[in-house]
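**Q** what would the 3D arrangement of this be:
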Amino acid sequence: MPDLMEYIKIQWTDIHHSRNQEWRILAIIGAAIAALLVPGVEEELQVPISVFGIIASIMGVYTSIAHSIIFLSKMSVIRECERELGIEARFRSGPVPVQSIIILAFFLLSSALSGWLAWLLSLNLLLLIITFSVIFIAGFWLCVIPKSPLRKYIESSDSTVFRLV
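**A** Numbering: from 1, shown residues only. Sure, this is the predicted structure:
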């Protein structure tokens, strides 16, 4: 029995490690946005900073999707270990999984940076609004709508099923 408890601890450590990676990526994007907000930053610097932030946001979306699959896999292992130990834990969940909110945050930051970049390159406010809106609405649809393709993919991924041997 102690071996299963240790195994559960390892699974939770893995979950926390993956969540820390997401926070680090968010911090990098936050630094890019903070750099854009510094008064007097030259336009020549704003374009590469925006591109860097957009790339970091895209990496954040990809990382969070991978971590969603890992999270579901780890939780299935944890639940199976708890059943073996005779532990009945019931977890309440909200209408939108936390991981979907994190992915949506990356989409929001990406849309803000993309809109800013579009404005920098064209000085067209309408282009800024359209770019921001399209990316954010796509992210909202993928992350928040219950039957969206992204949520279906994550929840049905073959890698979410583990069995204790």
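**Q** which stretches of the chain form helices?
**A** 2-37, 43-85, 98-122, 125-143, 149-156 (DSSP state H).
**Q** list just the one of those helices that sits closest to Arg92.
**A** Among the helices of the chain, the nearest to Arg92 by Cβ to Cβ is helix 98-122 (12.2 Å). All C-beta spots, glycine's among them, are computed from the backbone N, C-alpha and C.
**Q** relative to helix 149-156, how tilted is the closest one?
**A** 150 degrees (axes from the mean of the first three to the mean of the last three Cα atoms, to 10 degrees).
**Q** in helix 98-122, what counts as buried?
**A** For helix 98-122, a neighbour-count test (16 or more other Cβ atoms under 10 Å) marks 99-100, 102-119 as buried.
**Q** could I get the helices of the chain as TSV with distance to Arg92 and mean pLDDT?
**A** Shown next, in TSV, are those (distance: least, Cβ to Cβ, whole Å; pLDDT from 0 to 100):
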stretch	distance to Arg92	mean pLDDT
helix 2-37	18	90
helix 43-85	14	89
helix 98-122	12	85
helix 125-143	20	81
helix 149-156	18	72
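**Q** most tightly packed of those?
**A** helix 98-122 (a mean of 20; mean count of other Cβ atoms under 10 Å).
**Q** still on that earlier bit, as CSV, the helices of the chain with distance to Phe91 would be great.
**A** Shown next, in CSV, are these (distance: least, Cβ to Cβ, whole Å):
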stretch, distance to Phe91
helix 2-37, 13
helix 43-85, 9
helix 98-122, 11
helix 125-143, 20
helix 149-156, 16
